[in-house]
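Undergrad: Kindly return the folded structure for what I paste below:
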Amino acid sequence: MKVKLDKIFSIYIRLRDSDENGHGRCISCGKFIHYKDGDAGHYVSRKNLGLRYDEKNVNLQCVECNRFNEGNMIGYNHGLVEKYGEGVISYLNSHIHNICKIGKSEYNESIKYYQKRVNELKKQKNIN
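TA: Next comes the predicted model:
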């Protein structure tokens, strides 16, 4: 269940952060990338289940920043503040220690929700 939700949530985030041609900017370095070539990078590690699926915590990120530059956290911090405002870092930090348990029904509901959102974004942006 978690793997399936991770996959659809990742597609949703990358599409959300892309334009009508499927291109968007890496939250950390600003590099222009196609959503299929990018990652859904987490500011707070996805090991933290309470923020794993938080839409402010996860944003389009280039592979170089996410996988090879340890998330480029200085750039990610600046990108988050620019995108969501000054309070976003405090918001994320205040939720780091939240305990979160997701059951089978919650996984299924989230999968359905994000699949619907992916389909809507693909239709809206005319992306296959």
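
Undergrad: switch to C-alpha atoms for all contacts and neighbour counts from now on
TA: Noted.

Undergrad: Any figure for the gap between Glu82 and His34?
TA: Counting by CA to CA, to the nearest Å, the separation of Glu82 from His34 is 21 Å.

Undergrad: Looking at these two now, which is surrounded by more residues?
TA: Comparing Glu82 with His34 by neighbour count (other CA atoms under 10 Å), the higher total belongs to His34, at 20 against 12.

Undergrad: hey, what's the more buried one bridged with?
TA: Beta-bridge pairing of His34 under DSSP bridges involves His23.

Undergrad: thought it was touching Gly24?
TA: Yes. Using CA atoms under 8 Å as the test, His34 is close enough to Gly24 to be in contact (6.3 Å).

Undergrad: which residues are in contact with both of these two?
TA: Ser18 (CA atoms under 8 Å, 6 or more residues apart in numbering).

Undergrad: for this structure, which helix is longest?
TA: Scanning the chain for the longest helix, with DSSP state H as the assignment, gives helix 104-125.

Undergrad: Which strands or helices does it pack on?
TA: Counting contacts by 3 or more CA pairs under 8 Å, 6 or more residues apart in numbering; DSSP states H and E, helix 104-125 packs against helix 2-16.

Undergrad: how about the helix it packs on: buried residues?
TA: Across helix 2-16, burial judged by 16 or more other CA atoms under 10 Å covers 5-6, 8-16.

Undergrad: swap in stretch 109-119?
TA: Quick answer for stretch 109-119 (16+ other CA under 10 Å): 110-111, 114-115, 117-118.

Undergrad: which one among those gets closest to Ser45?
TA: Comparing the buried residues of stretch 109-119 against Ser45 with CA to CA places Ser110 closest, at 19.5 Å.

Undergrad: what is the spatially most central residue of the chain paired to in the beta sheet?
TA: Geometric centre of the chain, nearest residue: Val58, 2.7 Å, by CA atoms, centre = their mean. Per DSSP bridges, the residues bridged to Val58 are His42.

Undergrad: isn't it right next to Tyr43, touching?
TA: Yes. Using CA under 8 Å, Val58 is in contact with Tyr43, at 6.4 Å.
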